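Q: okay, here's the prediction I keep looking at, along with the sequence it came from:
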Amino acid sequence: MFRRGLHHAPSCRLCGQLARTVALAAGVLQDLAARSKLGWGACAGEVVKSVIEFNVPDEVLTERICGRWIHKSSGRSYHVKFNPPKSYNGTDTPSTENMLDDVTGEALMQRPDDTKEALPKRLEAYHGDTVPVLTHYAARSSCNVVKVNADQPIAAVWADTAKALGL
């Protein structure tokens, strides 16, 4: 998947959750090195220069993730605290009976991996597989790894991100 992304990236600026494991991160570096050696397009001579981690404490992630509910057919999203549907009174335990879409009145759902039962496994995978990617890139002298506090207002997150990117 990431090779396809490299091939189509006009300026070789990669964003998002591309490398979730050290093996994938190493693959990105190998692809960039191979493209550079062959002189292929915009990627020739490129290296991973910056990695940004949007850092949020696990307990905040739990609140954010486990509070998400969606209307499956439309994709509308709600949150028990930050964007509750009109049907939710804010005090009862959220359920398909009291979490209803504002437009259709149909029951909302939680994605299976957004539940309190599933989240510990997701967090374990993040800490076990993804955090080592930061160490992997930090060990490279050509790469600047920056931790952005994502547990602050959006404007502050953007300002810190822009600073990290030199914008």
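A: Good, I have the coordinates.
Q: so where's the protein uncertain?
A: Residue ranges of the chain with pLDDT under 70: 1-18, 29, 32-47.
Q: dump the residue contacts of residue 149.
A: 55, 156-157, 160 (C-beta atoms under 8 Å, 6 or more residues apart in numbering). Where C-beta positions appear, they are placed from N, C-alpha and C, glycine not excepted.
Q: how many other residues sit next to residue 48?
A: Applying other C-beta atoms under 10 Å, we find 20 residues neighbouring residue 48.
Q: pretty sure it contacts residue 30?
A: No - between residue 48 and residue 30 there is no contact, the gap being 11.4 Å when judged by C-beta atoms under 8 Å.
Q: which neighbours do the two share?
A: Listed contacts common to residue 48 and residue 30 are nil; contacts here mean C-beta under 8 Å, 6+ apart.
Q: spell out the residue ranges of the helices in the chain.
A: 2-8, 22-38, 58-66, 119-125, 131-138, 154-165 (DSSP state H).
Q: in CSV, list those helices along with distance to residue 97 and mean neighbour count.
A: Formatted as CSV, those follow (distance: least, C-beta to C-beta, whole Å; neighbours: other C-beta atoms under 10 Å):
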stretch, distance to residue 97, mean neighbour count
helix 2-8, 42, 13
helix 22-38, 41, 15
helix 58-66, 18, 15
helix 119-125, 23, 12
helix 131-138, 39, 16
helix 154-165, 32, 13
